[in-house]
Structure formats: C-alpha cells, structure tokens
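K.L.:
next comes the sequence, and after it the predicted model I'd like to discuss.
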Amino acid sequence: MQLQDKVAVVTGAASGLGLGSCRALAAAGARIVGFDRDADRLAALRDALGEQAMTAVVDVADEASVKAGIDQAMAAFGAVHVAVNCAGVADSAKTVSKGEPFPLTTWNKVIAVNLTGTFNIIRFAAVAMMRNAPDGDTGERGVIINTSSGAAWQGQVGQAAYAASKAGVMGLTLPVARDLAEHGIRVVSIAPGLFDTAMVAGLPPKVSQSIVDRMILYPNRMGRPDEFAALVRHIAENTYLNATTISVDAGARMQAR
Ligand SMILES: NC(=O)C1=CN([C@@H]2O[C@H](COP(=O)(O)OP(=O)(O)OC[C@H]3O[C@@H](n4cnc5c(N)ncnc54)[C@H](O)[C@@H]3O)[C@@H](O)[C@H]2O)C=CC1
Ligand SMILES: C[C@]12CCC(=O)C=C1CC[C@@H]1[C@@H]2C(=O)C[C@@]2(C)[C@H]1CC[C@]2(O)C(=O)C=O
C-alpha cells in the first residue's frame, strides 16, 4: 500500500514502539490517529505531528472506548487504511509466589489489554477498512499490524500471562487474515526482541544488560523504536506480506532458566 495520504491508527502511540511507528508512518506521508491511555503524552505527539495527526484517549481493552475512537478517526479523516496494535502491558508474577497463586487480577489485566485489546482494534478497524474502495492495482483495502513478542515462544520466569497474551496475538494472526482476505485486508504480526522503551526501562539495569550480553546474538544491544517502526512501514507497503509473524530480535535466544 502506498502510504501517502492514507490514514493509520496506532495504539500505544504515546510511547516506545507505538510512538516510533507514528513517526515512521507520518514520514511516509500517512495521516496518523494515535490512541493511548496517556493523555499528556498524546498531546505531545499531536504537537509534534501537527495537522497530519489526531489523537484520542482510548483504552483498547474497552469496547465502547475503541468504537468511539474509530468513530472519531472516521469523522476526522474519513477512512482507516492501516491499524497498528502496540498498546501493551507486562505485569508479571510467578505462578506460585510465597505460597500464593498468581493473582487473577494480574492475569485478567494482561490478557484484556494485550490480547482482547488487540482484537478489539482489529474488529472495529476492519469494519472501517471494508468501506474503502479497493486499490485499483492490488484490490487492497487495508492492513492490520499487531505486536506479539519473542515471549510467545520463549517467555521468561514470571511471564505466564504476558507470554500467553503474546502467543494469543500470534495465534489469531492466521485465522483473522483468512477471515479478512476476501475483503482485501492483510494481517501481519511482529515479534520484537528486547527494545529500548519505557517497558524495558522498568527492568533492573542488571537484568536488561545481562540479556543483551548473554542472549542477543548480533548486534549486541537493545533494538531502537525506529528499527521496529521501519518494519511496520515495510509491512504496510509490501502487499505480498500476509498472515505471518515476523521476528525482529537480533537473534535473541533465551537460556532455560
Ligand atoms: N520493549 C520491548 O522490548 C518489547 C515490547 N513488546 C511489545 O511492544 C508493545 C509496545 O511496547 P513498548 O513500546 O515497549 O512499551 P511502552 O510502555 O513504551 O508503551 C506502551 C504504551 O501502551 C499504552 N497502553 C497500555 N495499556 C493501554 C490500554 N489499555 N489502552 C491504550 N493504551 C495502553 C501505554 O500508555 C504506553 O504508552 C507492547 O505490546 C509490548 O508488549 C514486545 C516485545 C519486546
Ligand atoms: C519486554 C519483556 C516483556 C516485558 C517485561 O516485563 C520484560 C521484558 C524484558 C525481557 C523481554 C520481554 C519480552 O517481551 C520478550 C523478550 C524480548 C524478553 C527478552 C528476550 C525475549 O524473551 C525474547 O525476545 C525472546 O525471544
């Protein structure tokens, strides 16, 4: 899809990989609709991108909030061509800790934001995309890009909920792509390795440094949001990519424990 003047909805737009995606898609000429829970940081994004962007405070886990956000995007820009799911949380706990079972409140929150939130955006964005005229050359009406994680394959200690949510994102990619193919809508997920964002800044520096030193093949550093965003842009532009999950992780391979 040629991105010039197309409309891209990006969740988690106020920070990290979502913010990087907004910048890359805007640089390619797309109009940006940024969704996040964080109103202050959304305002900074809108100021940075100017009239090329609108933002809305949206909780991806909440059906009414997502519907209202997509309605606002349609009212402002008249269409949705690209949807990028980056909103996510990484609350962790061991399955049993100090004799107590994993708190279900934590489990439900992580699944609600990372998995149900992703599917909420997919289904409302797809309805909007179906209204687009098919591209004259390709028949394409839209593209949906989701964020899974290397944790879908190799979740770490404490990441049962996070890994399950990200495996869920990977798992829905093919059936949703099958559902939407007849409408000219592609669905691709990305499984990032360790990227330098607020989510990772929450880890003790010793832990993130040890992942970099021992488990990342080459280059021996965290990824940058612009490196994730370059892949988002490529997926949007390359009509032959569909129904798959692509890793961008510098060959990260985790040890057993
Ligand atoms: N940073 C990393 O190393 C990796 C990140 N990921 C995934 O990439 C995605 C983006 O993460 P980062 O940019 O690193 O994190 P981040 O913490 O910098 O950004 C996440 C954004 O999502 C927003 N958000 C959280 N819950 C929300 C909700 N219910 N509704 C709307 N917005 C919400 C936050 O306000 C924040 O702006 C997440 O899905 C994360 O799981 C996956 C693998 C590795
Ligand atoms: C970013 C993650 C998940 C959230 C968290 O609390 C801590 C993290 C730091 C280590 C990351 C986590 C993740 O999403 C999976 C990876 C990136 C992990 C380091 C390696 C990782 O397991 C991976 O890429 C595996 O292939």
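P.N.:
Ah, there it is. Ligands and ions are numbered 1, 2, ... in the order given.
K.L.:
looking only at residue counts, what's the top strand in this protein?
P.N.:
Assignment by DSSP state E gives strand 185-192 as the longest strand of the chain.
K.L.:
so after it, what's the next helix or strand?
P.N.:
Note on strand 185-192: by DSSP states H and E, the next helix or strand toward the C-terminus is helix 198-201.
K.L.:
any idea how far that following helix is from the middle of the chain?
P.N.:
15 Å (CA atoms, centre = their mean, to the nearest Å).
K.L.:
one more: stretch 18-26?
P.N.:
11 Å.
K.L.:
tell me the residues of this protein that contact ligand 2?
P.N.:
Counting by CB under 6 Å from any ligand atom, the chain comes close to ligand 2 at 90, 92, 149-151, 154, 156, 162, 193-194, 199-200, 203, 211, 249, 252, 254. C-beta here means a position set from N, CA and C on the backbone, and glycine is covered the same way.
K.L.:
would you mind listing which of those are buried?
P.N.:
Among the residues of the chain next to ligand 2, the ones that count as buried by 16 or more other CB atoms under 10 Å are 90, 92, 149-151, 156, 162, 193-194, 199-200, 211, 249, 252, 254.
K.L.:
ok, the residues you listed vs ligand 2, which is closest?
P.N.:
Nearest to ligand 2, judged by CB to the nearest ligand atom, of those is Gly150 at 2.1 Å.
K.L.:
what is the neighbour count of the closest residue to Leu194 other than its chain neighbours?
P.N.:
The shortest distance from Leu194 to any residue other than its chain neighbours is 5.0 Å, reached at Met222 (CB to CB, 6 or more residues apart in numbering). Other residues within reach of Met222, judged by other CB atoms under 10 Å, total 18.
K.L.:
which residues touch Met222?
P.N.:
By CB atoms under 8 Å, 6 or more residues apart in numbering, the contact set of Met222 is 194-196, 200, 208, 212.
K.L.:
okay if I get these as a markdown table plus pLDDT?
P.N.:
A markdown table is the format used below for the contacts of Met222 (pLDDT from 0 to 100):
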| residue | pLDDT |
| --- | --- |
| Leu194 | 96 |
| Phe195 | 97 |
| Asp196 | 97 |
| Val200 | 94 |
| Ser208 | 90 |
| Val212 | 95 |
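K.L.:
widest-spaced pair of these?
P.N.:
Phe195 and Val212 (11.4 Å; CB to CB).
K.L.:
before we move on, the earlier item: and the contacts of Met222 as CSV, adding distance to Leu115?
P.N.:
Converted to CSV, those look like this (distance: CB to CB, whole Å):
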residue, distance to Leu115
Leu194, 21
Phe195, 20
Asp196, 25
Val200, 20
Ser208, 25
Val212, 28
